[in-house]
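**Q** take this sequence and fold it.
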Amino acid sequence: MTRKVNKYNSNLNNSYRGSGVGAQTTSVRRAKSISATNRPYGKKELYEERLSSSVTTPDYSFAGSSFNSETGEVVIHMTNTKFNSKSAMPYDSVSVVELTYDISEASLGDTAIDVEGTTYYPKSGITGDVDLMLPTYNQYVNTVTKTSDGIHTIQNTPHLLQNDSVVFRVMGQYVHGSVYAVIQNLKNHSTNDYSYFAFQYTSPTSPKAEYKVSGDYDASSGEVSITISNIGTVKTTKNPFCYFNLFEVTTEESSSNALQNLPAGTPISTYLDNEIKQVYPLSLGNYGITDFSTSSSSNTNINYTIVSSLTSSQNTYFRMTQELEPFDSVTITFKGSNFQSGSAYLFNADEILYWGTTQDGDTLEIIDDFAHPTNNNYTFVA
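**A** As a prediction, this is how the structure comes out:
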C-alpha cells in the first residue's frame, strides 16, 4: 500500500542526505508542458537558463508497488512525478526498515505510518539481508548497501527526471507477520511530507530459490571472480551436484552453434558493461583453468565445496557438492590460460547446457534461465 506521512520529524531525514524516494496515494501527476512559443522573449537560451535555475526537489510515487505472497518478492515501482525536478545527488535512494506500533521501540524517529488503519513507526533496520534480484532496470544501475545501523539503502543511478520510472525487485530475510516499509529519505517538495510503501510479510505460499550471479574480470591479470548467491527463500536443487557451466558466446545469432542440449540460436540474456545484452552459444573448450580458489559466506556455517573439472570431451565446468542455502553465497576465482583475447565467455549457475530449453535448469526460480533479463549469468570478454 502507498501512504503519505503526516509527520516529518523523523531521524530518517538526515540518514542519506540529498536523495529520496516516496509514494503518493493519488495517481501520477502529469507535468504541464511549456510550449516553445511561450519561452521568455522567444529565446531558447534564456528559457533553458531559467528552467535550470528553477529545478526543485522531486515528488516521488510508489504507485503500483506490491508484495507477492506466493514468492516473497517485493516489487517497488518508483516514479518522479514533479515537473523540472531531480535529486540533488546523482542518484535516488530508499531505505528498507521494520515498523512497530509501539512508539517506545521507534529508534528511527516518530514518523507516523498508517498501515490499513493502524499507526506504525520506523523501528529499525532489518537483521537479515536484503538484496536486489536484478542490478539493472532499463538504463538505471541499481545497488543495495547496508549501513552500520543495519538499514538497507537501495539506490538507482542516474537520478530520475520528471516522469522517469525505475523498478526494484527485492528479496529479503524478513520475519513472518512483521511489518516493513520502503521509505523515502527526503520530504516531498510540494507536499512537505514523506511517502512510502508498507507491507506485512507472510511466509511464501510457493517458495523458490533464486540464483543471483555477479562477477568481475581483471583484464591486466586475467583473473575472473564470480559470486553465486541464493537470494530466494528455499535452498537450490542439486542433480546430484550443483553444476555451473562456462562456455563461449557470440552476439551474432548466425554464428551460433548447438552446445550439448542447448540448440544453436538460443537467445541468452546477460549483463555486459552494465547493459542487458542478448548472446548465443558458440563453443565449448578446455580453458586451462589455473589459480582456482573458493570462498563462501554462510548463515548456517556450511563449508561449501566447489571444484573445477573437465568433461570426457575436455570441456570446462564447475561442480558444487552442497545445495546453496537461502542468502548464502560462494565465490570462485580463477584464470584461464586458454581464453582467447576478445572472445566472450558466459558463466551460468543452473546447468543450462544439460537441460537446454526443455527445463529451466535444476532449480526452479522466480527469475529463471531464459527470462529477459535473467540474473543467472555472468559474461566477460577476455
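
**Q** what about V141, distance to V224?
**A** For V141, the distance to V224 equals 21 Å [CB to CB, to the nearest Å]. The way it works is simple: take the backbone N, C-alpha and C, and place the C-beta from them, glycine included.

**Q** give me the more crowded residue out of the two.
**A** Neighbour totals were compared for V141 and V224, and V224 leads with 24 against 15 (other CB atoms under 10 Å).

**Q** show me what that one is bridged to.
**A** When bridges are called by DSSP bridges, V224 pairs up with Y217, F334.

**Q** surely it meets F318?
**A** No: taking CB atoms under 8 Å as the definition, V224 is not a contact partner of F318, at 11.4 Å.

**Q** could you give the bridge partners of the residue nearest the centre of the chain?
**A** Residue closest to the average C-alpha location in the chain (CA atoms, centre = their mean): L132, at 2.8 Å. Beta-bridge partners for L132, by DSSP bridges, are V170.

**Q** what's the pLDDT at it?
**A** pLDDT, L132: 95.

**Q** and for the one 10 residues further on?
**A** Looking at N142, its pLDDT stands at 92.

**Q** for P263, give me its contacts.
**A** 356-357 (CB atoms under 8 Å, 6 or more residues apart in numbering).

**Q** next one: Y280
**A** Per CB under 8 Å, 6+ apart, neighbours of Y280: 249-253, 255-256, 264-268.

**Q** and for the closest residue to G265 other than its chain neighbours, the neighbour number?
**A** Spatial nearest neighbour of G265, chain neighbours left out: S256 (4.9 Å); criterion: CB to CB, 6 or more residues apart in numbering. Applying other CB under 10 Å, we find 22 residues neighbouring S256.

**Q** S256 contacts A264, doesn't it?
**A** Yes: contact criterion CB under 8 Å: S256 and A264 qualify, at 4.6 Å.

**Q** where do the strands of the stretch 101-250 of the chain begin and end?
**A** Assigned by DSSP state E, counting those that start in this stretch, the strands in the stretch 101-250 of the chain fall at 113-115, 118-124, 130-132, 136-137, 140-146, 152-157, 165-172, 179-184, 195-200, 211-218, 223-230, 242-250.

**Q** lowest mean pLDDT across those strands, which one is that?
**A** Among those, strand 136-137 scores lowest, at a mean of 76.

**Q** now what about it, what contacts it?
**A** Contact partners of strand 136-137, identified using CB under 8 Å, 6+ apart, comprise 142, 156, 166-168, 271, 274-276, 373.

**Q** name the member of these with the most neighbours.
**A** Going by other CB under 10 Å, N156 tops these with 26 neighbours.

**Q** just list whatever residues bridge to that one.
**A** The partner residues for N156, given DSSP bridges, come to D92, N142.

**Q** where does the prediction get shaky in the stretch 201-350 of the chain?
**A** For the stretch 201-350 of the chain, no stretch has pLDDT under 70.

**Q** one more pass at 90, please.
**A** Within the stretch 201-350 of the chain, the set of residues satisfying pLDDT under 90 comprises 239-240, 271-276, 300, 313.

**Q** restricted to buried residues, select the contacts of Y280 in ChimeraX.
**A** Selecting only the buried entries of these in ChimeraX, with 16 or more other CB atoms under 10 Å as the criterion:
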select :249,250,256,266,268
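
**Q** how about V97, what does it touch?
**A** 12, 108, 122-126, 151, 180-181, 183.

**Q** whichever strand or helix holds it to strand 165-172, inter-axis angle?
**A** Using DSSP states H and E, V97 falls within strand 92-100. For strand 92-100 against strand 165-172, the angle between stretch directions is 40 degrees (axes from the mean of the first three to the mean of the last three CA atoms, to 10 degrees).

**Q** using CSV, write out the CA atom coordinates for strand 92-100.
**A** Extracted in CSV, the C-alpha atoms of strand 92-100 (Å, rounded to 0.1, in the frame of the first residue of the first chain):
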residue,chain,number,x,y,z
ASP,A,92,17.8,8.4,-5.8
SER,A,93,17.5,6.2,-2.8
VAL,A,94,15.1,4.4,-0.5
SER,A,95,15.5,2.7,2.9
VAL,A,96,14.0,-0.6,3.9
VAL,A,97,13.0,-0.6,7.6
GLU,A,98,11.0,-2.6,10.0
LEU,A,99,8.0,-1.0,11.6
THR,A,100,6.4,-1.1,15.1
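
**Q** what about V96, how many neighbours?
**A** Other residues close to V96 by other CB under 10 Å number 23.

**Q** what's the distance between it and S206?
**A** Distance from V96 to S206, by CB to CB: 23 Å.

**Q** just T71 next, same as before
**A** The gap separating T71 from S206 is 6 Å, by CB to CB.

**Q** check the contacts of strand 136-137 and tell me the two furthest apart.
**A** Farthest apart among these by CB to CB are F168 and E275. That separation is 18.3 Å.

**Q** hang on, D59 packs against T81?
**A** Yes: contact status for D59 versus T81: in contact at 5.0 Å, counting by CB under 8 Å.

**Q** what strand or helix carries Y354?
**A** Assigned by DSSP H and E, Y354 falls within helix 352-355.

**Q** nope, S308 is what I meant
**A** S308 is part of strand 306-310, with elements assigned from DSSP H and E.

**Q** let me see the mean pLDDT of the strand holding V97.
**A** For strand 92-100, the mean pLDDT works out to 93.

**Q** ok, now how distant is the nearest residue to G232 once chain neighbours are set aside from L108?
**A** Spatially, and ignoring its direct neighbours in sequence, G232 is nearest to E210 (3.4 Å; CB to CB, 6+ apart). As judged by CB to CB, E210 and L108 stand 28 Å apart.
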